[in-house]
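>>> I need the structure of the sequence given here:
(one chain, ligands or ions: 1)
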Amino acid sequence: MTSELISSKELAKADPVFGQVSFDDHEQIVFCNDKDTGLKAIIGIHNTVLGPALGGTRMWNYNNEWEALNDVLRLSRGMTFKSAITGLNLGGGKAVIIGDAKTQKTPELMRRFGEFVHSLSGKYITAEDVGMATEDMDTVREVTPYVTGISESKGGAGNPSPITAYGVFMGMKAAAKFRYGSDVLEDKSIFVQGIGHVGEGLVEHLVNEGAKVTIADINQERLEEIRSKYGATIYGGNDIYSEPMDIYAPCALGATINDDTIYRIQADIIAGAANNQLAEENKHGKILQERGIVYAPDFLINAGGIINVYAELENYDRQEIIRKTENIYNTTLEILDNAKVNNLTTNAAALNIARERIETRKRENSK
Ligand SMILES: NC(=O)c1ccc[n+]([C@@H]2O[C@H](COP(=O)([O-])OP(=O)(O)OC[C@H]3O[C@@H](n4cnc5c(N)ncnc54)[C@H](O)[C@@H]3O)[C@@H](O)[C@H]2O)c1
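Okay, here's the model as predicted:
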């Protein structure tokens, strides 16, 4: 979903795989095809230095295969740094299934996909992402143990989204502490863009804290539902980016901070759940820094979900999940301070720490 800003022509100019704009020293890319079920999927394994590559499966109706490949390359890379900065012993991976999750997803297709995951012998472990539900992970579990995010009734940690939302809330509070000197969000005007699984949980935390929450989504029914449940205000304008607000929380698509939007954004803080929010992380991270907008790196504050599924592998309990997720607050503050002191973008400061952890482990492994 991040590829919408890179035209197919641009993507097709580069060499097919290793020359892709988003290729970043990925270890392995696996193309999965099954005529009988209609499965066309790509599994991207970015890095396994810290552990098996864990990351969700996204089913999306991509315009073409270039976009799907670009998405899996970007998303799997993001997972490497997300786990590294969160202190988990996991590498980065992700899978995309090309197709419409509403009309083309069948149990047979999911089982066939699970067989491909199984063929990698645990080097890649899958989980839920956009277009997937906990039941789909249960179906994958029928053919492979290399899946997380399965139902609690089947021994899993269940839906990770509420924990992701809690982590985003923690990261947002830390950003507020950094920007305003207080992490109290009461009376702050906060725009949540995308009120799906994670967005809804975030809205609930924010409303409970007394923030002035405005919601935006392309799904009108959903907007009405969330308004009546939590009393949030539905955004009525047509350019959310130009609205004056304290905090912008992107919780829908990636790459909403791009050449087109970046100079219109009025917020003091950007803190949300969406993966790959910066269309071009160096360029757009720098502009945010210059404009004095505090950006809480997405891969840092949306790590609650991976913490939740990691519990299934490490057998730790709910309390430990909450403790680790609350720690996102401390890590976010640390990164924001570090970026300020070293005059770096917040994204670069977070990446440096994540990379350092991977390099240290690599050195230890080679001894
Ligand atoms: N679910 C998790 O635990 C988790 C973990 C880490 C990151 N994320 C990321 O957070 C984001 C949200 O995840 P989710 O599980 O809530 O997904 P979801 O599919 O449940 O919700 C996405 C919502 O965004 C809305 N939307 C789509 N396009 C939009 C647009 N142009 N403008 C406004 N709204 C739009 C959809 O209608 C939907 O309500 C995704 O980018 C996902 O990759 C999710």
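>>> show me the contacts for the residue in the stretch 1-150 of the chain that the ligand sits nearest to.
Closest contact between the stretch 1-150 of the chain and the ligand, by Cβ to the nearest ligand atom, is at Val130 (4.7 Å). Where C-beta positions appear, they are placed from N, C-alpha and C, glycine not excepted. Val130 makes contacts with Met1, Arg58, Met59, Trp60, Ala101, as judged by Cβ atoms under 8 Å, 6 or more residues apart in numbering.
>>> Tell me where the chain has helices.
If DSSP state H is used as the criterion, the helices of the chain fall at 8-13, 65-86, 101-104, 107-118, 134-141, 161-180, 197-208, 220-230, 281-290, 298-301, 304-314, 318-341, 346-365.
>>> Who are the contact partners of Tyr124?
Counting by Cβ under 8 Å, 6+ apart, Tyr124 makes contact with Val30, Ile43, Ile45, Pro52, Ala53, Leu54, Gly55, Gly93, Ala95, Val117, Tyr146.
>>> Can you list which of those are found in strands?
Val30, Ile43, Ile45, Ala53, Leu54, Gly93, Ala95 (DSSP state E).
>>> From the ligand, how far out is Ser161?
As defined by Cβ to the nearest ligand atom, to the nearest Å, Ser161 lies at a distance of 4 Å from the ligand.
>>> Name the nearest residue to that residue, sequence neighbours excluded.
His197 (3.6 Å; Cβ to Cβ, 6 or more residues apart in numbering).
>>> Would you agree the one you found is in contact with Val168?
No - counting by Cβ atoms under 8 Å, His197 sits too far from Val168 to count as a contact (11.8 Å).
>>> Just want to know which of these two has more residues nearby.
More neighbours surround Val168 than the other of His197 and Val168, with 32 against 19 (other Cβ atoms under 10 Å).
>>> Find the least confident helix or strand in this structure, judged by mean pLDDT.
Lowest mean confidence among the helices and strands of the chain (mean pLDDT, DSSP states H and E): helix 8-13, at a mean of 70.
>>> Quick check, Glu281 in contact with Ala350.
No - the pair Glu281 / Ala350 is not scored as a contact, 10.2 Å apart, by Cβ under 8 Å.
>>> Counting neighbours, go ahead and name the busier of these two.
Neighbour comparison, Glu281 and Ala350: the larger count goes to Ala350, with 30 against 20 (by other Cβ under 10 Å).
>>> Check the residue nearest to that one when sequence neighbours are not counted and give its pLDDT.
The spatial neighbour of Ala350 that comes closest, neighbours along the chain excluded (Cβ to Cβ, 6+ apart), is Pro297 at 4.3 Å. We have a pLDDT of 98 for Pro297.
>>> Who are the contact partners of Asn308?
Contact partners of Asn308, counting by Cβ under 8 Å, 6+ apart, are Gly149, Ala157, Gly158, Pro160, Ile163, Thr164, Ile321, Thr325.
>>> Closest one to Ile257 out of the residues you listed, please.
Taking Cβ to Cβ as the measure, Ile257 lies nearest Thr164 of the contacts of Asn308, at 19.3 Å.
>>> Distance of the residue positioned nearest the centre of the chain relative to Val21?
Note on the chain: the residue nearest the mean C-alpha position is Asn275, at 3.4 Å, using Cα atoms, centre = their mean. Going from Asn275 to Val21 by Cβ to Cβ, to the nearest Å gives 17 Å.
>>> And the spatially most distant residue from the centre of the chain, how far from Leu313?
The C-alpha centroid of the chain is most remote from Lys367, which lies 33.5 Å away (Cα atoms, centre = their mean). Distance, Lys367 to Leu313, by Cβ to Cβ: 25 Å.
>>> Ok, Ala255 next?
Taking Cβ to Cβ as the measure, Ala255 and Leu313 are separated by 30 Å.
>>> among the ones in strands among the contacts of Tyr124, who's most crowded?
Among those, the one with the most neighbours (other Cβ under 10 Å) is Gly93, at 35 neighbours.
>>> does it really touch Gly51, like I thought?
No - the criterion here is Cβ under 8 Å, and Gly93 misses it with Gly51 at 10.5 Å.
>>> Kindly state the beta-bridge partners for Asp29.
Rather than Asp, residue 29 is Ile. Gly44 (DSSP bridges).
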